[in-house]
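Q: What follows is a predicted structure for the sequence shown.
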Amino acid sequence: MSKHGNPRERPPAWEQLSSWIAVVETGSVSSAAARLGISQAGVSQHVRQLEQTFDTPLLDRSTRPARATASGQRLYEHALALRGQAEQMAEGVRALSRAKRALVRMGCVDSFAATIGPQLVRGLIGRMHRVRMCSGLSPDLLGQFQNHQLDLLMTTAAPAHEPGIAQLPLFTEQYVVALPADHAVDPSESLLALSRGLPFMNYSLRSQIGRQIEAYLHGLHPGIESAFEFDATDPLLALVREGLGFALTTPLCLWQSRYHAGAVRILPLSAFQHQGRSCPPLTRRFSLVHREAEMGSLPREVADLVRIVVRELQRDIGAALALPAGALAIDD
(Lines give C-alpha, C1' and ligand atoms only; values in the text may rest on other atoms or scores of the structure.)
Protein backbone atom coordinates (compact mmCIF):
# COMPACT_ATOMS: atom_id res chain seq x y z
CA MET A 1 0.00 0.00 0.00
CA SER A 2 1.18 3.48 -0.74
CA LYS A 3 2.37 5.54 2.22
CA HIS A 4 -0.50 7.88 1.38
CA GLY A 5 -3.09 5.11 1.86
CA ASN A 6 -5.74 3.73 -0.47
CA PRO A 7 -7.38 6.56 -2.44
CA ARG A 8 -10.79 5.04 -1.64
CA GLU A 9 -10.11 5.49 2.08
CA ARG A 10 -9.51 9.22 1.75
CA PRO A 11 -12.33 11.77 1.53
CA PRO A 12 -12.67 13.46 -1.84
CA ALA A 13 -10.97 16.79 -2.40
CA TRP A 14 -13.14 19.89 -2.30
CA GLU A 15 -12.16 20.77 -5.88
CA GLN A 16 -13.63 17.45 -7.02
CA LEU A 17 -16.88 18.03 -5.15
CA SER A 18 -17.14 21.57 -6.54
CA SER A 19 -16.79 20.17 -10.04
CA TRP A 20 -19.47 17.58 -9.35
CA ILE A 21 -21.92 20.18 -8.04
CA ALA A 22 -21.33 22.25 -11.17
CA VAL A 23 -21.84 19.25 -13.48
CA VAL A 24 -25.18 18.34 -11.90
CA GLU A 25 -26.44 21.93 -11.76
CA THR A 26 -25.39 22.93 -15.29
CA GLY A 27 -26.20 19.59 -16.92
CA SER A 28 -22.90 19.12 -18.77
CA VAL A 29 -19.16 18.97 -18.32
CA SER A 30 -18.59 21.86 -20.71
CA SER A 31 -21.00 24.15 -18.87
CA ALA A 32 -19.48 23.14 -15.54
CA ALA A 33 -16.02 23.99 -16.85
CA ALA A 34 -17.24 27.41 -18.00
CA ARG A 35 -18.77 28.12 -14.59
CA LEU A 36 -15.65 27.08 -12.70
CA GLY A 37 -13.19 28.68 -15.08
CA ILE A 38 -11.23 25.48 -15.67
CA SER A 39 -10.82 23.15 -18.63
CA GLN A 40 -13.32 20.46 -19.58
CA ALA A 41 -10.53 17.93 -19.15
CA GLY A 42 -10.06 19.12 -15.59
CA VAL A 43 -13.76 18.66 -14.80
CA SER A 44 -13.81 15.23 -16.43
CA GLN A 45 -10.76 14.20 -14.41
CA HIS A 46 -12.45 15.30 -11.18
CA VAL A 47 -15.53 13.22 -12.03
CA ARG A 48 -13.40 10.14 -12.79
CA GLN A 49 -11.48 10.60 -9.53
CA LEU A 50 -14.75 10.72 -7.60
CA GLU A 51 -15.96 7.56 -9.32
CA GLN A 52 -12.70 5.83 -8.38
CA THR A 53 -12.99 7.04 -4.79
CA PHE A 54 -16.55 5.74 -4.37
CA ASP A 55 -16.10 2.78 -6.74
CA THR A 56 -19.38 3.51 -8.49
CA PRO A 57 -20.53 5.34 -11.63
CA LEU A 58 -21.77 8.85 -10.94
CA LEU A 59 -22.80 9.68 -14.51
CA ASP A 60 -25.05 7.63 -16.79
CA ARG A 61 -23.08 8.06 -19.99
CA SER A 62 -25.57 6.06 -22.04
CA THR A 63 -27.80 9.12 -22.25
CA ARG A 64 -27.20 12.37 -24.05
CA PRO A 65 -26.52 14.52 -22.20
CA ALA A 66 -25.17 12.28 -19.47
CA ARG A 67 -27.20 12.38 -16.27
CA ALA A 68 -26.35 11.73 -12.65
CA THR A 69 -26.96 8.21 -11.41
CA ALA A 70 -28.72 7.59 -8.11
CA SER A 71 -25.31 7.47 -6.43
CA GLY A 72 -24.32 10.66 -8.23
CA GLN A 73 -27.49 12.40 -7.06
CA ARG A 74 -26.84 11.32 -3.47
CA LEU A 75 -23.26 12.61 -3.72
CA TYR A 76 -24.59 15.91 -5.06
CA GLU A 77 -26.88 16.29 -2.04
CA HIS A 78 -24.07 15.53 0.39
CA ALA A 79 -21.73 17.90 -1.45
CA LEU A 80 -24.31 20.70 -1.23
CA ALA A 81 -24.63 20.10 2.50
CA LEU A 82 -20.86 20.20 2.90
CA ARG A 83 -20.66 23.43 0.94
CA GLY A 84 -23.28 24.97 3.19
CA GLN A 85 -21.34 23.90 6.27
CA ALA A 86 -18.14 25.31 4.79
CA GLU A 87 -19.83 28.65 4.16
CA GLN A 88 -21.16 28.66 7.72
CA MET A 89 -17.68 27.85 9.01
CA ALA A 90 -16.14 30.72 7.04
CA GLU A 91 -18.81 33.16 8.17
CA GLY A 92 -18.42 32.00 11.78
CA VAL A 93 -14.67 32.62 11.70
CA ARG A 94 -15.15 36.02 10.09
CA ALA A 95 -17.81 36.92 12.64
CA LEU A 96 -15.48 35.97 15.47
CA SER A 97 -12.73 38.07 13.91
CA ARG A 98 -15.12 41.02 13.62
CA ALA A 99 -16.18 40.53 17.22
CA LYS A 100 -12.56 40.65 18.33
CA ARG A 101 -12.00 43.83 16.34
CA ALA A 102 -15.08 45.29 18.00
CA LEU A 103 -12.98 45.40 21.18
CA VAL A 104 -9.51 46.88 21.02
CA ARG A 105 -7.31 46.59 24.09
CA MET A 106 -4.67 49.30 24.33
CA GLY A 107 -1.91 49.70 26.87
CA CYS A 108 -0.02 52.89 27.71
CA VAL A 109 1.79 54.62 30.56
CA ASP A 110 -0.22 56.89 32.86
CA SER A 111 1.05 60.15 31.36
CA PHE A 112 -0.02 59.01 27.88
CA ALA A 113 -3.42 57.84 29.11
CA ALA A 114 -4.11 61.11 30.92
CA THR A 115 -3.00 63.50 28.18
CA ILE A 116 -3.47 61.74 24.83
CA GLY A 117 -5.91 59.01 25.86
CA PRO A 118 -9.15 61.04 25.95
CA GLN A 119 -8.72 62.47 22.45
CA LEU A 120 -7.56 59.12 21.11
CA VAL A 121 -10.61 57.31 22.50
CA ARG A 122 -12.88 60.02 21.10
CA GLY A 123 -11.34 59.51 17.67
CA LEU A 124 -11.92 55.75 17.86
CA ILE A 125 -15.56 55.89 18.95
CA GLY A 126 -16.88 55.75 15.40
CA ARG A 127 -14.47 52.99 14.38
CA MET A 128 -14.57 50.58 17.30
CA HIS A 129 -17.48 49.18 19.26
CA ARG A 130 -15.49 49.05 22.50
CA VAL A 131 -12.14 50.47 23.57
CA ARG A 132 -10.32 49.28 26.67
CA MET A 133 -7.36 51.41 27.72
CA CYS A 134 -5.07 49.94 30.37
CA SER A 135 -2.46 52.19 31.97
CA GLY A 136 0.47 51.30 34.18
CA LEU A 137 4.23 50.86 34.27
CA SER A 138 5.96 50.04 30.98
CA PRO A 139 7.45 46.68 32.08
CA ASP A 140 4.05 45.46 33.28
CA LEU A 141 2.34 46.57 30.08
CA LEU A 142 4.98 44.88 27.94
CA GLY A 143 4.32 41.63 29.78
CA GLN A 144 0.60 41.96 29.12
CA PHE A 145 1.23 42.53 25.42
CA GLN A 146 3.52 39.52 25.19
CA ASN A 147 0.83 37.43 26.92
CA HIS A 148 -1.75 38.58 24.33
CA GLN A 149 -3.72 40.56 26.91
CA LEU A 150 -3.23 43.74 24.87
CA ASP A 151 -3.71 44.32 21.14
CA LEU A 152 -1.85 47.63 20.86
CA LEU A 153 0.91 48.98 23.08
CA MET A 154 2.04 52.62 23.19
CA THR A 155 5.39 52.41 24.90
CA THR A 156 8.89 53.78 25.35
CA ALA A 157 10.15 50.28 26.16
CA ALA A 158 9.54 48.47 22.89
CA PRO A 159 10.32 44.73 22.92
CA ALA A 160 13.42 43.36 21.26
CA HIS A 161 12.94 42.48 17.60
CA GLU A 162 10.60 39.54 17.32
CA PRO A 163 9.14 37.95 14.19
CA GLY A 164 5.60 39.15 13.58
CA ILE A 165 5.90 42.18 15.90
CA ALA A 166 5.89 45.62 14.27
CA GLN A 167 6.54 49.11 15.62
CA LEU A 168 5.26 52.45 14.39
CA PRO A 169 7.06 55.63 15.55
CA LEU A 170 4.81 58.15 17.32
CA PHE A 171 6.64 61.05 18.99
CA THR A 172 9.65 61.99 21.10
CA GLU A 173 9.86 63.99 24.32
CA GLN A 174 12.87 65.81 25.74
CA TYR A 175 13.42 65.59 29.47
CA VAL A 176 13.45 68.85 31.39
CA VAL A 177 14.38 69.86 34.93
CA ALA A 178 11.59 70.84 37.34
CA LEU A 179 12.66 73.20 40.14
CA PRO A 180 10.92 75.18 42.88
CA ALA A 181 9.62 78.40 41.32
CA ASP A 182 11.90 80.66 43.37
CA HIS A 183 15.09 78.62 43.00
CA ALA A 184 17.90 80.51 41.27
CA VAL A 185 20.31 78.63 39.00
CA ASP A 186 23.87 79.73 38.32
CA PRO A 187 24.76 79.58 34.59
CA SER A 188 27.75 77.37 35.38
CA GLU A 189 25.90 75.10 37.79
CA SER A 190 25.92 71.34 37.30
CA LEU A 191 23.19 68.90 38.25
CA LEU A 192 25.54 67.51 40.89
CA ALA A 193 25.93 70.96 42.45
CA LEU A 194 22.16 71.43 42.27
CA SER A 195 21.64 68.14 44.14
CA ARG A 196 23.81 69.37 47.01
CA GLY A 197 21.36 72.15 47.74
CA LEU A 198 18.13 70.45 46.66
CA PRO A 199 17.36 66.75 47.11
CA PHE A 200 16.92 64.88 43.85
CA MET A 201 13.56 63.13 43.46
CA ASN A 202 13.06 60.41 40.87
CA TYR A 203 10.39 58.14 39.54
CA SER A 204 10.32 54.59 40.86
CA LEU A 205 13.01 52.34 39.45
CA ARG A 206 10.23 49.86 38.70
CA SER A 207 9.28 52.21 35.87
CA GLN A 208 11.02 52.72 32.55
CA ILE A 209 11.18 56.49 33.09
CA GLY A 210 12.81 56.07 36.51
CA ARG A 211 15.44 53.68 35.19
CA GLN A 212 16.16 55.91 32.19
CA ILE A 213 16.70 58.97 34.38
CA GLU A 214 18.91 57.06 36.79
CA ALA A 215 21.07 55.72 33.95
CA TYR A 216 21.43 59.22 32.49
CA LEU A 217 22.47 60.80 35.78
CA HIS A 218 24.81 57.94 36.62
CA GLY A 219 26.59 58.56 33.32
CA LEU A 220 27.03 62.24 34.20
CA HIS A 221 27.39 62.31 37.96
CA PRO A 222 27.44 58.95 39.79
CA GLY A 223 27.21 60.88 43.05
CA ILE A 224 23.61 61.98 42.49
CA GLU A 225 21.26 59.75 44.45
CA SER A 226 17.51 60.04 44.72
CA ALA A 227 16.15 61.05 48.11
CA PHE A 228 12.59 60.10 47.16
CA GLU A 229 11.02 57.87 44.52
CA PHE A 230 7.47 57.97 43.22
CA ASP A 231 5.35 55.91 40.85
CA ALA A 232 3.40 58.98 39.73
CA THR A 233 4.14 62.58 38.75
CA ASP A 234 1.58 64.26 41.03
CA PRO A 235 3.34 63.59 44.36
CA LEU A 236 6.75 64.22 42.79
CA LEU A 237 5.81 67.68 41.50
CA ALA A 238 3.91 68.48 44.68
CA LEU A 239 7.18 68.18 46.62
CA VAL A 240 9.06 70.22 44.01
CA ARG A 241 6.37 72.88 44.25
CA GLU A 242 6.85 73.03 48.01
CA GLY A 243 10.59 73.59 47.58
CA LEU A 244 11.60 70.15 48.83
CA GLY A 245 13.64 69.04 45.83
CA PHE A 246 14.08 68.92 42.05
CA ALA A 247 13.27 66.31 39.43
CA LEU A 248 13.74 65.35 35.81
CA THR A 249 10.47 64.87 33.96
CA THR A 250 8.87 65.17 30.51
CA PRO A 251 6.27 67.39 28.80
CA LEU A 252 3.54 64.73 29.01
CA CYS A 253 4.18 64.17 32.70
CA LEU A 254 4.06 67.93 33.31
CA TRP A 255 0.82 68.26 31.38
CA GLN A 256 -0.68 65.34 33.26
CA SER A 257 0.07 67.19 36.53
CA ARG A 258 -0.35 70.74 35.26
CA TYR A 259 -1.99 71.82 38.52
CA HIS A 260 1.48 71.55 40.06
CA ALA A 261 3.48 72.18 36.88
CA GLY A 262 2.20 75.72 36.59
CA ALA A 263 3.78 76.54 39.96
CA VAL A 264 7.28 75.15 39.34
CA ARG A 265 10.20 76.35 37.25
CA ILE A 266 10.99 74.38 34.09
CA LEU A 267 14.47 74.47 32.55
CA PRO A 268 16.04 72.45 29.73
CA LEU A 269 18.89 70.11 30.61
CA SER A 270 21.12 72.34 28.50
CA ALA A 271 20.78 75.03 31.20
CA PHE A 272 23.15 72.95 33.36
CA GLN A 273 26.83 72.25 32.82
CA HIS A 274 28.83 69.06 32.60
CA GLN A 275 32.60 69.17 32.11
CA GLY A 276 32.44 72.70 30.78
CA ARG A 277 29.63 72.03 28.32
CA SER A 278 25.87 71.98 28.40
CA CYS A 279 24.37 68.71 29.62
CA PRO A 280 23.46 66.42 26.72
CA PRO A 281 19.78 65.92 25.94
CA LEU A 282 17.79 63.00 27.27
CA THR A 283 14.73 61.84 25.35
CA ARG A 284 12.08 59.19 25.53
CA ARG A 285 10.59 57.94 22.30
CA PHE A 286 7.09 56.51 22.04
CA SER A 287 6.18 53.86 19.51
CA LEU A 288 3.08 51.79 18.83
CA VAL A 289 3.76 48.05 19.05
CA HIS A 290 1.38 45.58 17.40
CA ARG A 291 1.23 42.13 15.86
CA GLU A 292 1.54 42.25 12.09
CA ALA A 293 -1.10 39.58 11.45
CA GLU A 294 -3.76 41.24 13.60
CA MET A 295 -5.99 44.34 13.65
CA GLY A 296 -5.68 45.13 9.93
CA SER A 297 -5.22 48.85 9.28
CA LEU A 298 -6.16 49.84 12.84
CA PRO A 299 -2.57 50.24 14.16
CA ARG A 300 -1.75 52.83 11.49
CA GLU A 301 -5.06 54.60 12.07
CA VAL A 302 -4.31 54.78 15.80
CA ALA A 303 -0.78 56.04 15.11
CA ASP A 304 -2.18 58.79 12.86
CA LEU A 305 -4.67 59.79 15.56
CA VAL A 306 -1.92 59.95 18.18
CA ARG A 307 0.16 62.26 15.99
CA ILE A 308 -2.83 64.56 15.47
CA VAL A 309 -3.37 64.79 19.23
CA VAL A 310 0.34 65.46 19.82
CA ARG A 311 0.25 68.36 17.35
CA GLU A 312 -2.52 69.91 19.42
CA LEU A 313 -0.58 69.28 22.63
CA GLN A 314 2.50 70.95 21.17
CA ARG A 315 0.57 74.22 21.02
CA ASP A 316 -1.20 73.82 24.37
CA ILE A 317 1.79 72.66 26.41
CA GLY A 318 4.23 75.07 24.81
CA ALA A 319 2.02 78.06 25.52
CA ALA A 320 1.08 77.07 29.07
CA LEU A 321 4.43 75.84 30.39
CA ALA A 322 6.93 77.76 28.24
CA LEU A 323 8.81 74.60 27.34
CA PRO A 324 11.94 74.76 25.17
CA ALA A 325 11.51 74.36 21.43
CA GLY A 326 11.41 70.75 20.31
CA ALA A 327 10.50 69.45 23.75
CA LEU A 328 7.69 67.47 22.12
CA ALA A 329 8.28 66.36 18.53
CA ILE A 330 6.32 64.11 16.18
CA ASP A 331 8.09 61.11 14.63
CA ASP A 332 6.81 60.36 11.12
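A: Looks like it arrived, so ask away. All figures in this text were calculated on a predicted structure; none of them were measured in a lab. Numbering: from 1, shown residues only.

Q: Chain neighbours aside, what residue packs nearest to Arg284?
A: Thr156 (4.5 Å; C-beta to C-beta, 6 or more residues apart in numbering). From N, CA and C alone the C-beta is placed, and that goes for glycine too.

Q: pLDDT score assigned to the one you found?
A: pLDDT, Thr156: 91.

Q: try Ser97
A: 55.

Q: what about the residue lying farthest from the centre of the chain, distance to Arg48?
A: Distance from the centre of the chain peaks at Ser62, with 63.3 Å (C-alpha atoms, centre = their mean). Using C-beta to C-beta, to the nearest Å, we find Ser62 at a distance of 17 Å from Arg48.

Q: cool, and Ser270?
A: Where Arg48 is concerned, Ser270 sits at a distance of 82 Å (C-beta to C-beta).

Q: Kindly report the same for Pro268.
A: Taken as C-beta to C-beta, the span from Pro268 to Arg48 is 81 Å.

Q: again, but for Pro187
A: Counting by C-beta to C-beta, the gap from Pro187 to Arg48 is 93 Å.

Q: Same drill for those two, tell me which one is more crowded.
A: Using other C-beta atoms under 10 Å as the criterion, Pro187 and Arg48 rank with Arg48 on top: 13 against 7.

Q: any idea of the pLDDT on that one?
A: pLDDT, Arg48: 92.

Q: for it, helix, strand, or coil?
A: helix (DSSP: H, G, I helix; E, B strand; the rest coil).

Q: Run the chain-centre distance for stretch 315-325.
A: 29 Å (C-alpha atoms, centre = their mean, to the nearest Å).

Q: what's next to it, contact-wise?
A: 174, 176, 251, 254-255, 258, 261-262, 266, 268, 270, 327-328 (C-beta atoms under 8 Å, 6 or more residues apart in numbering).

Q: just stretch 282-296 next, same as before
A: Contacts of stretch 282-296 (C-beta under 8 Å, 6+ apart): 101, 104, 112, 145, 151-156, 158-159, 164-175, 208-209, 212-213, 216, 248, 250, 269, 299, 302-303, 306, 331.

Q: Just the buried residues of those residues.
A: 101, 104, 112, 145, 151-156, 158, 165, 167-168, 170-175, 208-209, 212-213, 216, 248, 250, 269, 299, 302-303, 306 (16 or more other C-beta atoms under 10 Å).

Q: remind me which residues of the stretch 101-250 of the chain are low pLDDT?
A: 101 (pLDDT under 70).

Q: redo that, cut-off 80
A: Residue ranges of the stretch 101-250 of the chain with pLDDT under 80: 101-102, 126-129, 158-162.

Q: domain assignment for this structure?
A: Using automatic domain parsing, the domain ranges for the chain come out as 7-99, 100-173+285-330, 176-281.

Q: Thought Val109 was touching the residue nearest to Arg284, still the case?
A: Yes - in this structure Thr156 lies within contact range of Val109 using C-beta atoms under 8 Å: 7.3 Å.

Q: Common neighbours of those two, please.
A: What both Thr156 and Val109 touch, as defined by C-beta under 8 Å, 6+ apart, is the set Ser138, Gln208, Ile209.

Q: Sticking with Phe228, tell me its helix or strand.
A: Assigned by DSSP states H and E, Phe228 belongs to strand 226-230.

Q: Give me the residues contacting that strand.
A: With C-beta under 8 Å, 6+ apart as the criterion, strand 226-230 contacts Pro199, Phe200, Met201, Asn202, Tyr203, Ser204, Leu205, Gly210, Glu214, Leu236, Leu239, Gly245.

Q: Which among the residues you listed count as buried?
A: For the contacts of strand 226-230, buried by 16+ other C-beta under 10 Å: Phe200, Met201, Asn202, Tyr203, Gly210, Glu214, Leu236, Leu239, Gly245.
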